[in-house]
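A.B. asks: Predicted model and sequence follow; I will ask about them next.
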Amino acid sequence: MFEQNLFDPEHLIRSGDAMKRISPVAQFATLSDRLSDSVGEVHWNLSASRDLNHRISLALELSANLVLKCQRCLGPLEYELNETRRFALFKDEDALPSLEDEEEDVDCMVVTGEMDAFALIEEELLLALPMMPLHDSESCHASSGAQEEEGELELKPSPFAMLSRLRNS
Ligand SMILES: [Zn+2]
């Protein structure tokens with residue numbers, strides 16, 4: 001049941017293979033906490049190569065259909081995630097390039113020995129989520145009609161107005 005998730009980037013390069021897997025969303029606990037429902041799967045493809053400077057670089061492709069939680073009505077919100085991330089690996093912090101030398105779309109990491117693929121994937125999934133997931137205004141309440149929203153009474157003063165009219169009559 002336990003999937004092999006540790007890998008050595010050097011071995012990955014030498015093998016010439018990519019790690020291409022499908023993992024259940026529910027496996028990523030921190031991610032699941034942020035979701036409305038942890039159904040579905042994460043498709044991922046991790047490959048390693050040497051770049052022109054002989055550094056190890058990793059490419060991680062992620063795709064998943066996630067069910068986020070709308071921050072307005074707390075209802076489920078489907079979200080299609082497609083991300084490609086690139087990393088440059090360094091043996092120690094001294095070898096890290098200065099900030100201005102860093103390529104914009106490449107994350108620099110200090111790595112010695114094995115890496116945890118699941119930890120890397122989960123971190124990148126979390127970074128790729130929208131900060132404030134919201135339905136568009138048309139589908140927001142419709143998709144969760146049974147849920148009473150706090151503050152809804154403030155938004156709709158008309159029932160009170162009607163009530164007071166009845167009392168006064
Ligand atoms: Zn909503």
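C.D. replies: It's in.

A.B. asks: what about the most centrally placed residue in the chain, helix or strand, and which?
C.D. replies: Geometric centre of the chain, nearest residue: Leu125, 2.5 Å, by C-alpha atoms, centre = their mean. For Leu125, the host element (DSSP states H and E) is helix 117-128.

A.B. asks: Tell me the buried residues in that helix?
C.D. replies: Residues Ala117, Phe118, Leu120, Ile121, Glu122, Glu123, Glu124, Leu125 are the ones in helix 117-128 that count as buried (16 or more other C-beta atoms under 10 Å). C-beta coordinates here come from the backbone N, C-alpha and C atoms, glycine included.

A.B. asks: Can you tell me which of these lies closest to the ion?
C.D. replies: Set against the ion, the nearest of these by C-beta to the ion is Leu125 (21.4 Å).

A.B. asks: just checking, Ala128 touches Leu81?
C.D. replies: Yes. Using C-beta atoms under 8 Å, Ala128 makes contact with Leu81 at a distance of 5.5 Å.

A.B. asks: Mutual contacts of these two, please.
C.D. replies: Leu62 (C-beta atoms under 8 Å, 6 or more residues apart in numbering).

A.B. asks: which residues in the protein form helices?
C.D. replies: Under the criterion DSSP state H, the chain contains helices at 9-15, 29-33, 117-128, 152-155, 158-168.

A.B. asks: need the least confident one among those helices, by mean pLDDT.
C.D. replies: When those are compared by mean pLDDT, helix 152-155 comes last with a mean of 46.

A.B. asks: How confident was the prediction at Glu148?
C.D. replies: So, for Glu148, pLDDT stands at 47.

A.B. asks: which one is Ser57 nearest to, not counting chain neighbours?
C.D. replies: Asp51 (4.6 Å; C-beta to C-beta, 6 or more residues apart in numbering).

A.B. asks: and the one you found, how far is that from the ion?
C.D. replies: 43 Å (C-beta to the ion, to the nearest Å).

A.B. asks: how many other residues sit next to that residue?
C.D. replies: 13 (other C-beta atoms under 10 Å).

A.B. asks: Ramachandran angles for it?
C.D. replies: Main-chain dihedrals, Asp51, degrees, to the nearest 10: phi -90, psi -170.

A.B. asks: That one and Phe90 touch, don't they?
C.D. replies: No. Between Asp51 and Phe90 there is no contact under C-beta under 8 Å: 11.9 Å.
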